[in-house]
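A.B. asks: One predicted model, sequence on top.
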Amino acid sequence: MNILVLGSGGREHAMAAKIAESPSCTKLVIAPGNPGMANLGRTVNVALSDFDGISKLIFEEAIDCVVVGPEQPLVEGIADFLEDAHPEVLVIGPKKYGAQLEGSKAFAKEFMKQYNIPTAAYFECTKDNLDEGLKHLEQTSSPYVLKADGLAAGKGVLIISDLQEAKEELTSMINGKFGEASSTVVIEQFLSGIEFSVFVLTDGFEYVLLPEAKDYKRIGEGDTGLNTGGMGAVSPVPFFKGDVKIKTLHSIIEPTIQGLASAGIPYVGFIFFGLILVDNEPMVIEYNCRMGDPETEAVFPRITSDVVALFEAIRDGKLGSAELEVSKQEAGTIILVSGGYPGDYAKGLPIHMEAEMSGSKVFHSGTSMKEGQLVTNGGRVLAITSLDTNFQDALKTSKNNAQKIRFEGKYFRSDIGFDLI
Ligand code: AMP
Ligand code: GLY
């Protein structure tokens, strides 16, 4: 298969690295990619919003399969566009309708209600029922969870303890705080528990369960401070076994896949189940229509079988009998970020590191080349993953290597996995 990976972050780097290992991958093209991926295949600077440019690239490179990394192009309909433009090409990533599992919180909640999938109780609020929404807040207990319906660059979820502030925020969201994305707001019951992430690859009927992971979203150690895209991850998750695993499969994953099939929602791609364990019961916090970042950097290195074989199984309608082999080794990923992130941060700072880091894989998240020098180009700069018999030792190696990499303002969390020990 000639494969095109779309994206430019650590997630896509980790996916591309695994795809490149496959004997079935005859050519790997990555758009736009980043300098870390340049030795895996051809990186081509086409923007993900440039559907015509991507179509041209597919034609020129005789691409058979497109793997879409991030959610934005999926929610904008890239899979629908490619189905029209290149019907023979297999797209790993759902069409616009299915991508609403992530692109519309109200759609996802309605879907879960319909298929009895455990999730927080909710109230859907728009301009037309804002008064009812405000009353609903008065009748709910603190903290209040407000979610912009649409994509809001990871900033659309507010958790507020003060009722008056929650009412003001709800009003301001409905009035355009996050633009069109918050013209509908989902008010959710607050759930308290430990969060974890489970992933499947599905053709909309069958699925393959990938290794699960736990990510660490807050900037500060001990899970304090502002939310980020993710500061690190571990895989596997020690408590995802026995009863918890069985309940997750039977009450969440299977009903989701069956729900897609019975609702006639075509869905080929990854589903990321953002879950929370409440009194030993797994519940859905959110769906994403893609893999997680940085979870992928911990999950994909643990896969020991051929991932391209899974794409071929989807193409051939044989995903139900496909096998995935996973290493018993545990993964620990640490993200190196730019000083100031998730607020303002500088870009273009020179990065000094060895080409190979002993015991770790380095995935590039936000880097670029400037006059032959590798420089920072984002808040999250590099992901460092190590494998070992346990995630604590894996994280020690990742941390040792994180210390060796130099760029101005470098910051990372030293306590990834702290709550699992
Ligand atoms: P989401 O974008 O829906 O994943 O929300 C971002 C983060 O907000 C989640 O990872 C949770 O930490 C938190 N969150 C979302 N919904 C709830 C909820 N109903 N109860 C408690 N925390 C939540
Ligand atoms: N790490 C969370 C996400 O990818 O959304």
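C.D. replies: That came in fine, so what should we check first? Numbering: from 1, shown residues only. Ligands and ions are numbered 1, 2, ... in the order given.
A.B. asks: right, and residue 49 touches residue 77 too?
C.D. replies: No. Using Cβ atoms under 8 Å, residue 49 makes no contact with residue 77, being 11.2 Å away. (Glycine included, C-beta is placed from N, CA and C.)
A.B. asks: Do me a favour and average the pLDDT over stretch 25-45.
C.D. replies: Mean pLDDT, stretch 25-45: 97.
A.B. asks: now do the same end-to-end measure for that stretch.
C.D. replies: 21 Å (Cα to Cα, to the nearest Å).
A.B. asks: Please apply the same query to stretch 338-355.
C.D. replies: End-to-end for stretch 338-355, by Cα to Cα: 20 Å.
A.B. asks: Could you list the contact residues of the stretch 51-200 of the chain toward ligand 1?
C.D. replies: By Cβ under 6 Å from any ligand atom, the residues of the stretch 51-200 of the chain that approach ligand 1 are 120, 145, 147, 157, 159, 188, 189, 190, 191, 195.
A.B. asks: how about the strand or helix carrying the fifth one, does it get close to ligand 2?
C.D. replies: In this assignment (DSSP states H and E), residue 159 forms part of strand 157-160. No. For strand 157-160, no contact with ligand 2 is found by Cβ under 6 Å from any ligand atom; the gap never falls below 11.0 Å.
A.B. asks: What strands flank that strand, and is each parallel or antiparallel?
C.D. replies: Strand 157-160 pairs in its sheet with strand 144-148 (antiparallel), by DSSP bridges.
A.B. asks: and the longest helix for the chain?
C.D. replies: helix 391-404 (DSSP state H).
A.B. asks: list the contacts for the residue positioned nearest the centre of the chain?
C.D. replies: For the chain, the residue nearest the mean C-alpha position is residue 292 (2.0 Å; Cα atoms, centre = their mean). Residue 292 makes contacts with 11, 197, 199, 213, 215, 230, 233, 272, 299, as judged by Cβ atoms under 8 Å, 6 or more residues apart in numbering.
A.B. asks: Can you pull the phi and psi angles for it?
C.D. replies: Main-chain torsions, residue 292, degrees, to the nearest 10: phi -90, psi 160.
A.B. asks: quick one: it and residue 216, what's the gap?
C.D. replies: Distance of residue 292 to residue 216, given as Cβ to Cβ, to the nearest Å: 12 Å.
A.B. asks: what's the burial count for the nearest residue to residue 413 once chain neighbours are set aside?
C.D. replies: Spatial nearest neighbour of residue 413, chain neighbours left out: residue 231 (4.7 Å); criterion: Cβ to Cβ, 6 or more residues apart in numbering. By the other Cβ atoms under 10 Å criterion, the neighbourhood of residue 231 contains 29 residues.
A.B. asks: show me the contacts for residue 231.
C.D. replies: Per Cβ under 8 Å, 6+ apart, neighbours of residue 231: 215, 216, 217, 218, 219, 294, 334, 335, 337, 412, 413, 416.
A.B. asks: Between the residues you listed, which sits nearest ligand 1?
C.D. replies: Here the nearest of these to ligand 1, counting by Cβ to the nearest ligand atom, is residue 217; it sits at 6.1 Å.
A.B. asks: how many other residues sit next to the spatially closest residue to the closest one that is not a sequence neighbour?
C.D. replies: Leaving out its chain neighbours, the residue that sits closest to residue 217 by Cβ to Cβ, 6+ apart is residue 227, at 5.2 Å. Neighbourhood size, residue 227 [other Cβ under 10 Å]: 14.
A.B. asks: Residue 227 touches residue 154, doesn't it?
C.D. replies: Yes. Counting by Cβ under 8 Å, residue 227 touches residue 154, with 7.2 Å between them.
A.B. asks: thinking again about what came up before, neighbour count for the residues of the stretch 51-200 of the chain next to ligand 1 - can I get that in TSV?
C.D. replies: Shown next, in TSV, are those (neighbours: other Cβ atoms under 10 Å):
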residue	neighbour count
120	19
145	19
147	26
157	16
159	14
188	21
189	14
190	14
191	16
195	17
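A.B. asks: would TSV of these with pLDDT be doable?
C.D. replies: TSV is the format used below for these (pLDDT from 0 to 100):
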residue	pLDDT
120	97
145	96
147	95
157	93
159	94
188	97
189	96
190	97
191	97
195	96
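A.B. asks: re earlier: now the residue nearest to residue 413: how far from residue 294?
C.D. replies: 8 Å.
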